[in-house]
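[1] no FASTA, just this:
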């Protein structure tokens, strides 16, 4: 149970782009349909990238030390939820849907404008950079 709960909390954080030291993330912050997609994808993405729940705990503490497996885990989640396609293109509408329901449309637009336009040839790096950018937007 701890494994699933910590994984679900992490993917909500990544895909909702809502990480903050002072905030608690709950499933009420996320779009319910999006949250369900994340839950369905989480275990598969953990297994595909050979991760343990402990690997996900301090994901954004120092991005210079983040493993490629974790970055590819983020990519897996973003692909399975439709935010990123196999070519690394970001679906702006899907990204907005993933953002917390409490965000105003103008804030969602700002996040998409700033974070979805970053590019790199490494798709795992691109996915991680998107999540990190959204976190930093706070």
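    Thanks, I have it. Given the structure is predicted, the values throughout are model-derived calculations rather than measurements.

[2] okay, CA-based contacts and neighbour counts for the rest of this
    Noted.

[3] From the chain's centroid, how far away is the host helix or strand of residue 128?
    Assigned by DSSP states H and E, residue 128 falls within helix 123-136. Counting by CA atoms, centre = their mean, to the nearest Å, helix 123-136 is centred 8 Å from the centre of its parent chain.

[4] That one: which residues count as buried?
    123-135 (16 or more other CA atoms under 10 Å).

[5] Over to stretch 39-58?
    Neighbour-count burial for stretch 39-58 flags 39, 41, 42, 43, 45, 46, 49, 56 (criterion: 16+ other CA under 10 Å).

[6] my read: the last one touches residue 70, true?
    So the one you mean is residue 56. Yes: using CA atoms under 8 Å, residue 56 is in contact with residue 70, at 7.4 Å.

[7] Nearest spatial neighbour of residue 46, chain-adjacent residues omitted?
    Excluding the flanking residues, the one nearest residue 46 by CA to CA, 6 or more residues apart in numbering is residue 73, at 6.5 Å.

[8] Surely the one you found and residue 49 touch.
    Yes: the criterion here is CA under 8 Å, and residue 73 meets it with residue 49 at 6.0 Å.

[9] quick one: contacts of stretch 68-86?
    Stretch 68-86 is contacted from outside by 11, 14-15, 34, 37-38, 41-42, 45-46, 48-51, 55-56, 59, 90-92, 94-95, 123-128, 131, using CA atoms under 8 Å, 6 or more residues apart in numbering.

[10] one more time with 6 Å, if that's ok
    37, 45, 49, 90, 91, 94, 95, 124, 125, 127, 128 (CA atoms under 6 Å, 6 or more residues apart in numbering).
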